[in-house]
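>>> Generate a structure from the sequence data that follows.
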Amino acid sequence: MLYDIMTVFWRDWLVLKRRLGKFLLSRMVAPMLYLVAFGWGLGRSIPATTTGGSYLDFLVPGILALNSMNISFNSVGPSLHTARMYHKSLEEYLVAPIKPLAFIIGKIAAGTLRGILSSLIIVAMAYAFGANFHINTLFVSVVAINCIIFSALGFITAMLISSHEDMGSVNTYLLLPMSFLCGTFFSPDKLPMIFKAIIEVLPLTHTSTLLRSIGTGNEVSLVSLAILLMYVVVLIGICIWTMHKACK
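Predicted coordinates:
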């Protein structure tokens, strides 16, 4: 099983390795714009948060959650969808002596790696911009869990959606609303109750909450951590179902 996982993962790593410079540079653009526009521009006109830190300190964990979501999803979803629908290279994996679960784990691990690498860039940039937050093992683990969740969601989307247009619709109708409403740039506490109830169900909200709590040294919500782990289990289960469906 481990050899099969590494086979799938290594293929994606070789692709990333050839483009690593371009990948890292391209992943700096959006976070830098967020840090300049919101952290320096808007942030200087916003008073210190209730936790005692600046708006920049509040913003950085949200950007980490947002960026790791987008990178992990888009590292798995579009490429696997293209391989399945257009290049027809998914069939090579299906006929190869590789277990379906190993293929799933390998793809999710590759997407998670890309998400973590892009998150490291944001951390370095945030410190350069003057942000002040703490990083420990739990902080890194939450980022990794968020990457796993959205890599798995990208896998599911790629296996179920049958057109390139519908793939783009997932970004428009699912990822884009989460990007702005799930506690990334502001606390959802002031939103109407119906919106707040929906937002509290979404994984990005709990990732932002946990990263903010850990980064400021406050008490960690075990409920949020349990919800994220539940998402991991459920989404990987759906990944297995979609893979078995494709093997029939």
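>>> And Cys147, how far from Phe73?
According to C-beta to C-beta, to the nearest Å, Cys147 and Phe73 sit 9 Å apart. Heads up, the C-betas are built off the backbone N, CA and C, glycines and all.
>>> repeat for Thr172
13 Å.
>>> which of the two has more neighbours?
A side-by-side neighbour count of Thr172 and Phe73, using other C-beta atoms under 10 Å, places Phe73 first with 26 against 9.
>>> which ones are touching the more buried one?
For Phe73, the contact set (C-beta atoms under 8 Å, 6 or more residues apart in numbering) comprises Gly111, Phe150, Ser151, Leu153, Gly154, Thr157, Leu175.
>>> List the ones among those residues that fall in helices.
Residues of those located in helices (DSSP state H): Gly111, Phe150, Ser151, Leu153, Gly154, Thr157.
>>> how much distance is there from stretch 212-223 to the middle of the chain?
19 Å (C-alpha atoms, centre = their mean, to the nearest Å).
>>> swap in stretch 130-147?
13 Å.
>>> residues making contact with it?
Against stretch 130-147 from outside (C-beta under 8 Å, 6+ apart): 39, 53-54, 56-57, 59-61, 64-65, 68-69, 71-72, 111-112, 115-116, 119, 123, 126, 203-204, 207, 210-211, 214-217, 220, 225, 228-229, 232.
>>> If we use 6 Å, what do you get?
56-57, 60, 68, 72, 112, 115, 119, 207, 210-211, 214-215, 217, 228 (C-beta atoms under 6 Å, 6 or more residues apart in numbering).
>>> Quick one: the helices in this structure, in order.
For the chain, applying DSSP H gives helices covering 2-18, 20-34, 55-85, 90-95, 100-128, 137-160, 164-170, 176-181, 193-199, 203-216, 222-247.
>>> isn't Arg212 right up against Leu59?
No: in this structure Arg212 lies outside contact range of Leu59 using C-beta atoms under 6 Å: 9.7 Å.
>>> circling back: now list the buried members of the contacts of stretch 130-147.
If you count burial by 16 or more other C-beta atoms under 10 Å, the buried members of the contacts of stretch 130-147 come out as 56-57, 60, 68, 72, 112, 115, 119, 207, 210-211, 214-215, 228.
>>> What residues sit buried inside the worst-scoring helix or strand of the chain on mean pLDDT?
Here the helix or strand of the chain ranked lowest by mean pLDDT, DSSP states H and E is helix 90-95, holding a mean of 74. By 16+ other C-beta under 10 Å, the buried positions in helix 90-95 come out as Leu90, Tyr93.
>>> Please save the CA atoms from it in CSV.
Output of helix 90-95 as CSV, limited to C-alpha atoms (Å, rounded to 0.1, in the frame of the first residue of the first chain):
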residue,chain,number,x,y,z
LEU,A,90,-7.0,8.1,-15.3
GLU,A,91,-7.6,4.7,-17.1
GLU,A,92,-3.9,4.0,-16.8
TYR,A,93,-4.2,4.1,-13.0
LEU,A,94,-7.4,2.0,-13.1
VAL,A,95,-5.8,-0.8,-15.0
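>>> Any idea which residue is closest to the centre of this structure?
Of all residues in the chain, the one closest to the mean position by C-alpha atoms, centre = their mean is Met69, 2.1 Å from it.
>>> To what extent is the residue lying closest to it once chain neighbours are set aside buried, counted in neighbours?
When the adjacent residues along the chain are set aside, Met69 lies closest to Phe150, with 4.7 Å between them (C-beta to C-beta, 6 or more residues apart in numbering). By other C-beta under 10 Å, 31 other residues sit near Phe150.
>>> For Phe150, report the pLDDT, please.
With respect to pLDDT, Phe150 has a value of 97.
>>> got it, and the one 4 residues further on?
pLDDT recorded at Gly154 is 94.
>>> Make 882 the starting number, not 1.
Sure, I'll start counting at 882 from here, so that last one is Gly1035.
>>> can you pull the contacts of it?
Phe954, Val957, Gly958.
>>> ok, 10 Å please
With contacts taken as C-beta atoms under 10 Å, 6 or more residues apart in numbering, Gly1035 has the following neighbours: 950, 953-962, 988-989, 992, 1048, 1051, 1056, 1116, 1120.
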